[in-house]
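# my questions are about this predicted structure, shown below with the sequence.
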Amino acid sequence: MVVVTIFVVAIGEITQQPRYYEYISRLAPPGQQGTYMGFAFLPIGIGSLVGGWFGGRLIHHFGEVTHQPVRIWWAVTAVGIATAALLWVYDKTVRPAGAPSPAPKNS
């Protein structure tokens, strides 16, 4: 199972990673592609720094203190909902007043 898992993750990285760089470079204004690509992995770095500490605290509290490990998912879900709400607020407050909203694409 370990070999199969590594194989599946490797295939995912091979197919996703080049597209991510392409998307970031197209998103950037001309002449700033390098800066955008440099900051593209900042959220991943922050997650690596905070995720271990936060996950350890959750496991300690819900697993060892309260003995209810199933409740960890409530905290994880709350973080996801809070993140989505903060991104929505950020989008509404940072977008210039005259900028149009992005139109949904029809498939």
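Received it, and whenever you're ready, just let me know what you need. Residues are numbered from 1 along each chain as shown.

# and stretch 70-88, average pLDDT?
In this model, stretch 70-88 has an average pLDDT of 94.

# need the longest helix for this protein.
Looking across the chain with DSSP state H, the single longest helix is helix 2-27.

# mind saving the C-alpha coords of the helix or strand immediately after it in the chain as CSV?
On the C-terminal side of helix 2-27, the closest following helix or strand by DSSP states H and E is helix 33-39. Output of helix 33-39 as CSV, limited to C-alpha atoms (Å, rounded to 0.1, in the frame of the first residue of the first chain):
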residue,chain,number,x,y,z
GLN,A,33,5.8,36.8,-12.8
GLY,A,34,8.8,36.0,-10.6
THR,A,35,7.4,37.8,-7.6
TYR,A,36,4.1,36.1,-8.0
MET,A,37,5.6,32.7,-8.3
GLY,A,38,7.8,33.3,-5.3
PHE,A,39,4.9,34.2,-3.1
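
# what packs against helix 33-39?
The elements that helix 33-39 packs onto, with contact taken as 3 or more CB pairs under 8 Å, 6 or more residues apart in numbering; DSSP states H and E, are helix 2-27. Quick note: C-beta positions are derived from backbone N, CA and C, even for glycine.
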